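Participant: Take a look and give me a structure for this.
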Amino acid sequence: MSKLEDIVSLCKRRGFIFPGSDVYGGMAGTWDFGPLGVMLRRNIMNAWWQFWVDSRDDMYGVDAAIIMNPKTWEASGHVATFADPLVECKECHGRFRADKLVDGATESITDAEFLKVNPKCPTCGKQNWSEIRKFNMMFQTHVGPVTDDSSIAYLRPETAQGIFTNYKNVVDTIYPNIPFGLAQQGKAFRNEISPRDFILRDRECSQMEIEYFVRPDDWEPQFEKMLEEQHYFLEQVIGLPAEMVHDLEVPAEDRAHYSKRTIDMMFDYPNGEEELMGLAYRTDFDLTNIQHASGKSMEYRDKVTGESFVPHVIEPSIGVERLFLAVLTAAYKEEDDRTVLKLPENLAPYKFCVSPLLKNKPELVAKAKEVYQMLKDKYTFVTWDDSGNIGKRYKKQDEIGTPKCVVIDFDSLEDDTVTVRDRDTTEQVRMKVGEL
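Facilitator: Here you go, the predicted model:
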């Protein structure tokens with residue numbers, strides 16, 4: 001198993017991810033994606049959208065505002081329940097999530113359960129704790145020129161509510177046949193008490209969520225079907241090893257307030273098993289609450305039967321950063337004298353790297369530029385490298401996950417052939433330029 005610190009080091013060294021506001025000393029729980037990180041992240045998000053939306057006839061996209069009417073979060077229950085258990089060390093005044101200090105604890109941990117273990121403070125090592133209190137994780141802001149209670153708003157803690165608030169708009173405009181889903185990708189913000197584990201738990205993240213609207217009596221088969229599709233997406237489209245993905249049936253006491261059934265798909269990250277993707281049966285909780293809060297009907301009228309009902313909802317959701325880290329974890333390998341990211345070709349930032357054997361030979365450079373442009377026109381994601389010797393170039397491309405390196409040498413000028421080196425096997429073959 002790869003170590004998290006090795007992945008973090010590679011990400012900064014090769015331009016995948018940098019600490020947020022790094023030039024000013026950073027800011028806890030925030031991360032900036034560099035050039036290669038942006039490319040890998042975009043490939044992951046595009047693969048998700050292609051699989052769940054573009055390739056289907058029952059999915060539609062929406063893109064809701066980040067700042068929403070605060071009634072949204074009252075109706076959804078976030079104002080009252082979106083909270084983590086917070087404890088404070090009375091010695092150093094460090095604040096931590098109580099459930100993360102006790103092995104096997106859940107978010108509903110009590111003072112008695114916490115004090116029975118009485119863990120040491122991660123900062124000072126003392127064991128003098130405050131009582132557990134609930135800490136709401138929503139970022140509060142103000143809208144407009146006046147800062148008072150009437151101007152309070154929140155940065156959205158999830159993308160789901162933007163889907164629910166647009167449900168009626170979509171039904172009234174395109175009137176889709178049920179079952180159907182609405183999908184959204186976008187930023188979400190959570191004021192984590194103690195962000196940790198690199199991009200696994202941070203304060204600003206991107207989510208990819210679907211709310212799939214079904215008949216109330218049809219939720220169980222649709223739930224099972226969605227679970228199978230999630231496994232297919234993670235293992236076949238994204239390329240995660242099946243043995244690293246595990247289903248966890250979440251018990252009632254640990255489920256979100258809106259959920260009647262939840263399965264968390266767990267992944268073997270470097271620091272242990274953590275949630276990667278969730279599947280929740282939200283019943284009609286959200287639409288019914290919106291109906292009560294807004295006074296507007298959320299019923300769906302079947303075009304065939306004329307029956308009217310409030311749909312129930314199945315929600316597959318995943319964090320982009322969690323999937324990003326899972327992809328890196330599965331791909332990161334240390335072999336002999338090299339570090340290599342064995343990324344699936346559909347996700348790799350670059351598909352090819354083109355190099356002239358020697359950069360001080362104009363004829364080689366010209367031929368290499370010709371090959372580079374040909375591949376660039378066809379595959380778009382192609383990079384150029386003429387720095388250092390070929391061995392160093394290979395090692396660099398291995399570290400960033402480039403599947404194929406194409407080298408132009410003096411024989412290329414005579415017979416129009418090139419050397420193609422495979423990232424995973426390191427084998428080299430000779431082929432005609434036209435065969436690339």
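
Participant: Distance of the residue nearest the centre of the chain relative to M138?
Facilitator: Central residue of the chain (C-alpha atoms, centre = their mean): V320, 1.2 Å from the mean position. Separation of V320 from M138 (C-beta to C-beta, to the nearest Å): 20 Å. Every C-beta, even on glycine, is put in place using the N, C-alpha and C of the backbone.

Participant: How about D284?
Facilitator: With C-beta to C-beta as the criterion, D284 and M138 are 24 Å apart.

Participant: So for those two, which sits in the more crowded spot?
Facilitator: Just comparing D284 and M138: by other C-beta atoms under 10 Å the higher neighbour count belongs to M138, 20 against 17.

Participant: where does the more buried one fall, helix, sheet strand or coil?
Facilitator: coil (DSSP: H, G, I helix; E, B strand; the rest coil).

Participant: If you count neighbours, what's buried in stretch 52-59?
Facilitator: 52-53, 59 (16 or more other C-beta atoms under 10 Å).

Participant: Adding secondary structure and pLDDT as columns, could you present those in JSON lines?
Facilitator: Conversion of the buried residues of stretch 52-59 to JSON lines gives the following (DSSP: H, G, I helix; E, B strand; the rest coil; pLDDT from 0 to 100):
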{"residue": "W52", "secondary structure": "helix", "pLDDT": "98"}
{"residue": "V53", "secondary structure": "helix", "pLDDT": "98"}
{"residue": "M59", "secondary structure": "strand", "pLDDT": "98"}
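
Participant: ok, back up a step: quick check, the residue nearest to the centre of the chain in contact with L40.
Facilitator: No - counting by C-beta atoms under 8 Å, V320 does not reach L40; the two are 10.5 Å apart.

Participant: Next, the buried residues of stretch 26-44.
Facilitator: By neighbour count on 16+ other C-beta under 10 Å, the buried set for stretch 26-44 is 29-31, 33, 36-37, 39-41, 43-44.

Participant: helices or strands up against the longest helix seen in the chain?
Facilitator: In the chain, taking DSSP state H as the definition, the longest helix is helix 362-379. Secondary-structure packing of helix 362-379 (3 or more C-beta pairs under 8 Å, 6 or more residues apart in numbering; DSSP states H and E): strand 352-356, strand 382-384, strand 404-408, helix 410-415.

Participant: What is the burial count for D411?
Facilitator: Neighbourhood size, D411 [other C-beta under 10 Å]: 13.

Participant: Give me the neighbour count for F267.
Facilitator: Residues lying near F267 (other C-beta under 10 Å) number 24.

Participant: Kindly confirm my reading that it forms part of a helix.
Facilitator: No - read with three-state DSSP, F267 is strand and lies in no helix.

Participant: coming back round to it: show me what counts as buried in the longest helix of the chain.
Facilitator: Buried residues in helix 362-379 (16+ other C-beta under 10 Å): 364-365, 367-368, 371-372, 375-376.

Participant: now that helix against strand 352-356, angle please.
Facilitator: 170 degrees (axes from the mean of the first three to the mean of the last three C-alpha atoms, to 10 degrees).

Participant: quick one: helix 362-379 to strand 404-408, angle?
Facilitator: 150 degrees.

Participant: Restricting to C-alpha, output helix 362-379 in CSV.
Facilitator: C-alpha atoms of helix 362-379 as CSV (Å, rounded to 0.1, in the frame of the first residue of the first chain):
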residue,chain,number,x,y,z
PRO,A,362,17.5,20.6,-35.8
GLU,A,363,16.6,17.8,-38.1
LEU,A,364,15.5,15.6,-35.2
VAL,A,365,13.6,18.4,-33.6
ALA,A,366,11.8,19.2,-36.8
LYS,A,367,10.8,15.6,-37.3
ALA,A,368,9.7,15.3,-33.7
LYS,A,369,7.6,18.5,-34.0
GLU,A,370,5.9,17.0,-37.0
VAL,A,371,5.0,13.8,-35.1
TYR,A,372,3.9,15.9,-32.1
GLN,A,373,1.5,17.9,-34.2
MET,A,374,0.1,14.8,-35.8
LEU,A,375,-0.7,13.2,-32.4
LYS,A,376,-1.8,16.6,-31.0
ASP,A,377,-4.4,16.9,-33.8
LYS,A,378,-5.8,13.5,-33.1
TYR,A,379,-5.5,13.1,-29.3
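
Participant: Right, I'll call it a day here.
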